[in-house]
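Chemist: Pasted the sequence and its predicted model underneath.
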Amino acid sequence: MSAPDFAQFFETATQGKSPYDYQCRLACGPDAKAAKPPSLTTGTDCRSQLINIPTGLGKTAAVVMAWLWNRVARDDERWPRRLVYCLPMRTLVEQTRDETRKWINKLVDAGLIPTDRKPRVVVLMGGESLEDEDKDWDIYPEANTILIGTQDMLLSRALNRGYGMARARWPMHFGLLNNDALWVLDETQLMGVGVRTSAQLEGLRRKIGTALGCATWWASATLDSRLLITPDHPELPPTLKLEEDDRVSPEVDARINSVKRLAAL
């Protein structure tokens, strides 16, 4: 089965919403534009980057759809088989889980993702037990998987100190989350020291080396990029941000230039 055009893929998952140009660039490369469908049939490398996009412009959809299209629909092995979506709050984990499962189900129903390649969506969150079908996710390292969790659960596993799990299993999660994984840290302005921890881990993976490649995306409209400079991560990654072609979109303009009124209560 040939991979669908990214615009078609995105619109199917999101019930007819067309992708913004920056969402196309994230999935298809720096020259991709929503207005030029021929450029939306080829993927791009998966590399670490800072995603500096204003609130309300679909960063979650951009990240999840880019991974689904490249890794699952196109079967591009340059993209890691695990998407690790790290968030600071439980409510954000639940929202991201629900949206991700909805998008995947729509793509499977439309035949844009084969049923036998449907990725598992696993939630790792303190105080909540794994669903029965997700308890064994770590014994299938070959499977495409989306892990969505709070930073305490995910970063502790990447540090080989898995919170809320048996010590004997720490090395399993340590290996899985530091190899063949795309880390996405969203709402980083709420993560505190977790941001520096993620940057230091990224630097150590590059310095020491891994069996299979990893990348990290830091997604925020307000991240202080200085937090990404650590002893083993001394340089800032490339930044994905809105360009002039993005700003001419009426929808983008309405969101970033909307009038915000304040009134005393």
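Modeler: Structure received. What you see is a predicted model, and the numbers here were worked out from it, not measured in a lab. Numbering: from 1, shown residues only.
Chemist: what about the strands in the chain?
Modeler: 49-52, 82-87, 120-124, 145-150, 181-186, 214-219, 239-241 (DSSP state E).
Chemist: quick one, which of those strands is nearest to residue 33?
Modeler: strand 239-241 (14.1 Å; CB to CB). Any C-beta I mention is one placed from the backbone N, CA and C, and that applies to glycine too.
Chemist: Pull up the pairing partners for the closest one, direction included.
Modeler: strand 49-52 (parallel) (DSSP bridges).
Chemist: quick one: the strand it pairs with to chain centroid distance?
Modeler: How far strand 49-52 lies from its chain's middle: 11 Å, per CA atoms, centre = their mean, to the nearest Å.
Chemist: In contact with residue 21, which residues?
Modeler: 32-35, 243, 245-246, 249 (CB atoms under 8 Å, 6 or more residues apart in numbering).
Chemist: and the gap between it and residue 262?
Modeler: 32 Å (CB to CB, to the nearest Å).
Chemist: again, but for residue 172
Modeler: Residue 172 is 50 Å from residue 262, by CB to CB.
Chemist: Mind checking which of those two has more residues around it?
Modeler: residue 172 (16 against 4; other CB atoms under 10 Å).
Chemist: low pLDDT regions in the protein?
Modeler: Residue ranges of the chain with pLDDT under 70: 1-2, 35-39, 127-133.
Chemist: mind redoing it with 90?
Modeler: 1-5, 15-16, 29-44, 54-56, 125-136, 164-165, 189, 220-226, 243-265 (pLDDT under 90).
Chemist: What is the longest helix belonging to the chain packed up against?
Modeler: Longest helix in the chain by number of residues (criterion: DSSP state H): helix 90-109. Under the contact definition 3 or more CB pairs under 8 Å, 6 or more residues apart in numbering; DSSP states H and E, helix 90-109 sits against helix 6-13, helix 59-67, strand 82-87, strand 120-124, strand 145-150.
Chemist: out of those, deepest packed?
Modeler: Per residue and on average, the most neighbours among the helices and strands packed on helix 90-109 fall to strand 82-87, with a mean of 26 (mean count of other CB atoms under 10 Å).
Chemist: contact partners of that one?
Modeler: 63-64, 67, 71, 93, 96, 100, 119, 144-151, 154-155, 176-177, 180-187, 194, 198.
Chemist: Among these, the buried ones, what's the ChimeraX command?
Modeler: Only the buried entries of those go into this ChimeraX selection, using 16 or more other CB atoms under 10 Å:
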select :63,64,67,71,93,96,100,119,144,145,146,147,148,149,150,151,154,155,176,177,180,181,182,183,184,185,186,187,194,198
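Chemist: about what we covered before: next, format the contacts of residue 21 as a markdown table and append neighbour count.
Modeler: Shown next, in a markdown table, are the contacts of residue 21 (neighbours: other CB atoms under 10 Å):
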| residue | neighbour count |
| --- | --- |
| 32 | 25 |
| 33 | 18 |
| 34 | 21 |
| 35 | 11 |
| 243 | 13 |
| 245 | 15 |
| 246 | 22 |
| 249 | 17 |
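Chemist: Residue 220: which of the residues you listed is nearest?
Modeler: So of the contacts of residue 21, ranked by how close each gets to residue 220 (CB to CB), first place is residue 246, at 17.1 Å.
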